[in-house]
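Undergrad: from the sequence below, what's the structure:
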Amino acid sequence: MNWLTELRYGCAAVSADESDGLLAFAEPDKVAIVGTIPIVGLVMPEQPDECVAMNMGVLDESAETTTRLTFRMRAHSEARLDLIGDTLDNIWTKRDAGMLGNARLIMSQWSSGATLGQDGSKRIERSANYYLTVARPLVNRY
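TA: Predicted coordinates:
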């Protein structure tokens, strides 16, 4: 598994672990935890109604790499989106320590967010983006 995949899995696991039972990392080929909102990979599935899709991309690649962590949230009400968004914001805004997969987090900060409208099933979608600066594993790092 490459470092970016490990970082993505680490971010999903931290989001689930620190959400007080609201979110669960829906690992590939694993059974979802009933009563939680799954954090899935790049593609938002048709079901369940409440879901969080997560993606990452590299913005600046070096020993201290800057990445963008993007959450796309979906629910039937603004109140539920607020709950999900506030939970993720409490986890990721101004975080400055810890291991995320095989990368060490240096700091994270809010970047941007937007309400994305409704899908065909009248579920509201919103995005939240964070910048993460990480010290990624390199072959020549001691």
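
Undergrad: assess the claim that Thr36 and Ala26 are in contact.
TA: No: under the criterion of CB atoms under 8 Å, Thr36 is not in contact with Ala26, lying 9.0 Å apart. (C-beta placed from N, C-alpha, C; glycine too.)

Undergrad: the two - which one has more neighbours?
TA: Ala26 (24 against 17; other CB atoms under 10 Å).

Undergrad: pretty sure the more buried one sits against Met44.
TA: No: contact criterion CB under 8 Å: Ala26 and Met44 do not qualify, at 11.6 Å.

Undergrad: pull the longest strand from this structure.
TA: strand 103-118 (DSSP state E).

Undergrad: sheet-wise, list the partners of that one with their directions.
TA: Note on strand 103-118: by DSSP bridges, its sheet partners are strand 99-100 (antiparallel), strand 124-135 (antiparallel).

Undergrad: in it, what counts as buried?
TA: For strand 103-118, the neighbour count (16 or more other CB atoms under 10 Å) marks Ala103, Leu105, Ser108, Gly113 as buried.

Undergrad: any idea how far that strand is from the middle of the chain?
TA: The chain centroid and the centroid of strand 103-118 are separated by 8 Å, computed with CA atoms, centre = their mean, to the nearest Å.

Undergrad: what is the mean pLDDT for it?
TA: On average, the pLDDT along strand 103-118 is 94.

Undergrad: measure Arg74 to Ser108 for me?
TA: Per CB to CB, to the nearest Å, Arg74 is found 23 Å from Ser108.

Undergrad: how about Met54?
TA: From Met54 to Ser108 the distance is 14 Å (CB to CB).

Undergrad: show me where pLDDT drops low in this structure?
TA: Low-confidence segments of the chain (pLDDT under 70): 27-32, 139-142.

Undergrad: mind listing the helices for it?
TA: 3-17, 78-92 (DSSP state H).

Undergrad: save these as CSV, and put in mean neighbour count and distance to Ala63 too.
TA: Below are the helices of the chain laid out as CSV (neighbours: other CB atoms under 10 Å; distance: least, CB to CB, whole Å):
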stretch, mean neighbour count, distance to Ala63
helix 3-17, 19, 12
helix 78-92, 17, 22
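
Undergrad: good, we can wrap up now.
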